Structures are given as structure tokens and as C-alpha cells.
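Q: attaching a predicted model along with its sequence, questions to come.
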Amino acid sequence: MDFLTPQFFSGLLSIILIDLVLAGDNAIVIALAARNLPKRLQNQAIFWGTFGAVAVRIALTAVVVYLLKVPGLMLVGGLILLPIAWKLLRQDEPGEGHEIKAAVGFWSAMRTIVVADALMGLDNVLAIAGASHGHLGLVVLGLLVSVPLVVWGSTLILKLIVRFPAIVYVGAGAIAWTAARMISHDGLVAAWFDRFGWAEYLLDVVLVAGVCGLGWWAARRGQAQRLREQQTSG
């Protein structure tokens, strides 16, 4: 993949979108880890913790990009991404459920931020590696753009997602599309998809429409069930 081509920019957009949608919880963890520090140290811990988190994320993604070149692993990775996209659509309250203790010192906060981001960012790493099509420079650029946006704009991002739920569907659709491309480009099945060119686009449509459609149906069903429970209890 060359720089300044439509494929490069579409991959970059996919990486940024995927990271913005998936990493909202990571931003909350960062804020929780540094919340008890003085304001000056708090900002420094968030900055350097984010720097370390980006470095770790790039290293992990580079490893995954290399591993995905092994025949069969890209197909498996694509299949793993589908439940990640589904889970994204089933998160009713982003940011809830974290039990991160506030750090008592600068280095403790940094360590918490880097470790928590690495553990919680495994789904991001897989999705980003798939969207990059093996282009590590694209991974680095995408993360350098998106991770700081997530950290410093976490509150705004979460408010936008709550106010405009379609953002989550767009993100889930991007993950499903990435999964479809990973599956169709895997060495074990790529020849078959090349022989039947229409099958690749059909897989894109089926996975994107399937994930987003089922997510929308499940959300509507959940809302209807909660409404019935409220009416019954009232």
C-alpha cells in the first residue's frame, strides 16, 4: 500500500474510526487512574502515560501485523472481530464497571495507565492490524492521531456517542468490514475469492448489514422489554 492513495486514506480513516469508538473506555480508565493526583502532576501523568500507551500499542500491533501474515490467522482474526463489533453495539452504558483504583503517585499513575491500556486495547490492536493491511506506517500514523483524541476528548466522545448512537453503528460497521476483508484476503481462501470477485463484496455486505442490523434489532427489543418492565412495576 503506497502513501497518498485512496487505499491508504481509507485504511487511515478506518483505523482512526475504530480506535475512537473502541477506546472510549480506555480514556475513562486513564482519567480514573490519575484523578487523585495534583492538577499539575495529573496532566503530566496523562500525557506521559498516553505516550507510553501509544508506544506499547504500536509494538503490540506490529507483532499482530506480522502474525497475521501466517496463513489462516487472518481468517481467525476476522472471525474474532465479529463478536467485538457485536459487543460494541450491546454496551448500554459506556464507561461503567471499571474498578480502577486511583493512583497515589506520578509513576504509579503512569504504570496503571500503560498497563490498563495494553490489557483493554487488545481488541483495538486486532482491529487496527486488520484495517492496516500490513502497513505499519499506517498503524503508527493512525494511532498517533486517534489515541490523543481519545484521551483528551474522552468526555466529548462519550457524549457524542450517547447523543448520536449512529456513531457506534458506523464504528461497528467499520469493524465488521475489516473482519470481512481479513477473511477474504487470508492466504487459505484468497484464491477462491479472487476467482469469484463478487463473493468478496457479498461478504462485506452480509457481515456489515448482519452485525449492524442484528445490533439495531437487539437494541429495539431491549428498549421494548425495559418499557414493559417499567409499565408493570408502575
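A: Now that the structure is in, tell me what you want to look at.

Q: and the longest helix along the chain, how far out from the chain middle?
A: For the chain, the helix with the greatest residue count under DSSP state H is helix 197-233. On the basis of CA atoms, centre = their mean, to the nearest Å, helix 197-233 sits 19 Å off its chain's mean C-alpha point.

Q: same question for that helix: list its buried residues.
A: By neighbour count on 16 or more other CB atoms under 10 Å, the buried set for helix 197-233 is 200, 203, 204, 207, 208, 211, 212, 215, 219. Placement of C-beta: from N, CA and C, glycine included.

Q: on the C-terminal side of the one helix or strand residue 58 maps to, identify the next helix or strand.
A: Using DSSP states H and E, residue 58 maps to helix 39-67. Once helix 39-67 ends, the next helix or strand along the chain (criterion: DSSP H and E) is helix 73-89.

Q: buried ones in that following helix, by neighbour count?
A: Within helix 73-89, the residues that count as buried by 16+ other CB under 10 Å are 73, 74, 75, 77, 78, 81, 82, 84, 85, 86, 88, 89.

Q: distance between it and the chain's centre?
A: Its chain's average C-alpha position is 11 Å from that of helix 73-89, according to CA atoms, centre = their mean.

Q: ok, and what's touching it?
A: Identification of contacts with helix 73-89 by CB atoms under 8 Å, 6 or more residues apart in numbering yields 21-22, 64, 67-68, 123, 126-127, 129-130, 168-169, 171-173, 175-176, 178-183, 185-189, 207, 211-212, 214-216, 218-219.

Q: please apply the same query to stretch 207-222.
A: Stretch 207-222 is contacted by residues 82, 85-86, 89-90, 92, 169, 172-173, 175-177, 179-180 when judged by CB under 8 Å, 6+ apart.

Q: so where's the chain uncertain?
A: Low-confidence segments of the chain (pLDDT under 70): 1-4, 20-36, 91-105, 110, 112-113, 116-123, 147-159, 161-162, 234.

Q: hang on, the earlier thing: can you lay out the buried residues of helix 197-233 as a markdown table showing distance to residue 17?
A: Converted to a markdown table, the buried residues of helix 197-233 look like this (distance: CB to CB, whole Å):
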| residue | distance to residue 17 |
| --- | --- |
| 200 | 21 |
| 203 | 20 |
| 204 | 16 |
| 207 | 16 |
| 208 | 13 |
| 211 | 15 |
| 212 | 14 |
| 215 | 16 |
| 219 | 20 |
